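A.B. asks: Dropping the sequence and predicted coords here.
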Amino acid sequence: MVAKVAIIGECMLELSHRTETQADAHRSMALSYGGDTLNTAVYLSRLGVEVDYVTALGDDNMSDWMIEQWRKEGVGCDLVERIAEGVPGLYTIQTDEHGERSFLYWRDSAPAKRLFDNESKAQQLFYLLAQYEWIYLSGITLALYSDSSLQRFIELMTEYRDGGGKIAFDGNYRPRLWSDSLNAQKAFESIYRLSVLALPTLDDELLLFGDKDRDAVVQRLRSWHVAEIGLKMGPEGCFVVTSSTQEIVESRKVTVMDTTSAGDSFNAGYIAARIAGRTAQQAAEAGHNLASVVIQHRGAIIPLEKMPAGSLQ
């Protein structure tokens, strides 16, 4: 296997407010792109990690534009499937006075949902993915697929793990994307049990699984044989758990403008640091370092020149 990361998920067109005042908020919107896994892919690439993005887009000019932008960021796009007459999904970001964001989505017919519908194509794709040391995905990735495609996806991920591949999973749970919580629980458990590294968010885990607290989340994940856990707890930091240590790594205190991509960028900093040979604690510090800068800017992807110096420090 080569030391590269394949990231599976969905990226959509993003519309966000250009202006700072509520009076002008709906007069002008900035066009970009975003999606939890794509955000992580971009930040990983910026941190020097070789990464390929795995998704499906349409054959329209906006899909062309998105791929062009990803390649400019150094994200490999050879595994992006193009589906005839498809168009990418779309979402808008709205933020409150505290920087907390909310979203509106137009994604029901997004091509990414059909990536694993064809069994033969899915098997061909995973034949290529077997060459990668890491596969990274999120709970939103799992929510994309139909029941049959999801089952096929989990079976292929099991084969990848059994062949020596490493899986990193961000348990990003969005209830509106699932028919019911039981289906989400089953899918999440299946992937957690395959994962070497879990990067969940505490609030999501409490909501989905009904755990009573942080320790209950960790106990459940450890019972599923997850080797390393970086449990994101917002302002309280990250609870890092390995076979040899349990430690809270504090987050950095900054003025928040927009929390979009906070967890996605944290995950990139964490994974990049681990690939570079840093300890889990150092990886959490690197994740906080990057995320603390990202949340001081609007949108999912901050300008390249705003990236913090020494992002892996």
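C.D. replies: Nice, thanks for sending it over. Residues are numbered from 1 along each chain as shown.

A.B. asks: what residue ranges in the protein are flagged as low confidence?
C.D. replies: 1-3, 18-27, 95, 99-101, 310-313 (pLDDT under 70).

A.B. asks: Could I get the full set of strands for it?
C.D. replies: Listed in chain order, the strands of the chain (DSSP state E) span residues 2-8, 12-17, 29-34, 51-58, 80-83, 90-95, 101-106, 132-138, 166-170, 197-198, 228-232, 238-241, 246-249.

A.B. asks: List the neighbouring strands of the last one plus their orientation.
C.D. replies: Sheet partners assigned to strand 246-249 using DSSP bridges are listed as strand 238-241 (antiparallel).

A.B. asks: Pull the number of nearby residues for residue 157.
C.D. replies: 22 (other C-beta atoms under 10 Å). Heads up, the C-betas are built off the backbone N, CA and C, glycines and all.

A.B. asks: Next one: it from residue 98, what distance?
C.D. replies: With distances taken as C-beta to C-beta, to the nearest Å, residue 157 is found 37 Å from residue 98.

A.B. asks: do the same with residue 175
C.D. replies: 22 Å.

A.B. asks: Could you export the strands of the chain as a markdown table, including distance to residue 41 and mean neighbour count?
C.D. replies: Conversion of the strands of the chain to a markdown table gives the following (distance: least, C-beta to C-beta, whole Å; neighbours: other C-beta atoms under 10 Å):
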| stretch | distance to residue 41 | mean neighbour count |
| --- | --- | --- |
| strand 2-8 | 5 | 20 |
| strand 12-17 | 14 | 20 |
| strand 29-34 | 11 | 16 |
| strand 51-58 | 5 | 24 |
| strand 80-83 | 11 | 17 |
| strand 90-95 | 17 | 17 |
| strand 101-106 | 19 | 13 |
| strand 132-138 | 8 | 23 |
| strand 166-170 | 12 | 24 |
| strand 197-198 | 16 | 24 |
| strand 228-232 | 18 | 23 |
| strand 238-241 | 21 | 24 |
| strand 246-249 | 23 | 15 |
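
A.B. asks: between those, which one is nearest to residue 179?
C.D. replies: strand 101-106 (16.1 Å; C-beta to C-beta).

A.B. asks: which secondary structure elements does the closest one contact?
C.D. replies: strand 90-95 (3 or more C-beta pairs under 8 Å, 6 or more residues apart in numbering; DSSP states H and E).

A.B. asks: got the angle for the strand it packs on vs strand 29-34?
C.D. replies: 110 degrees (axes from the mean of the first three to the mean of the last three C-alpha atoms, to 10 degrees).

A.B. asks: Name every strand pairing with strand 90-95 and say which way it goes.
C.D. replies: Sheet partners by DSSP bridges: for strand 90-95, these are strand 12-17 (parallel), strand 101-106 (antiparallel).

A.B. asks: now what about the last one, what contacts it?
C.D. replies: Which is strand 101-106. 12, 89, 90, 91, 92, 93, 94, 95, 96, 258, 259, 260 (C-beta atoms under 8 Å, 6 or more residues apart in numbering).

A.B. asks: Name the residue closest to the centre of this protein, please.
C.D. replies: The centre of the chain sits closest to residue 37, judged by C-alpha atoms, centre = their mean, with a distance of 3.2 Å.

A.B. asks: so residue 40 makes contact with residue 264?
C.D. replies: Yes - because the distance of 4.7 Å satisfies C-beta atoms under 8 Å, residue 40 is recorded as touching residue 264.

A.B. asks: which one of the two has more residues nearby?
C.D. replies: Using other C-beta under 10 Å as the criterion, residue 40 and residue 264 rank with residue 40 on top: 32 against 28.

A.B. asks: Residue 225 and residue 50: what is the separation?
C.D. replies: For residue 225 relative to residue 50 (C-beta to C-beta), the value is 28 Å.

A.B. asks: The two: who's more crowded?
C.D. replies: Higher neighbour count among residue 225 and residue 50: residue 50, with 17 against 11, using other C-beta under 10 Å.
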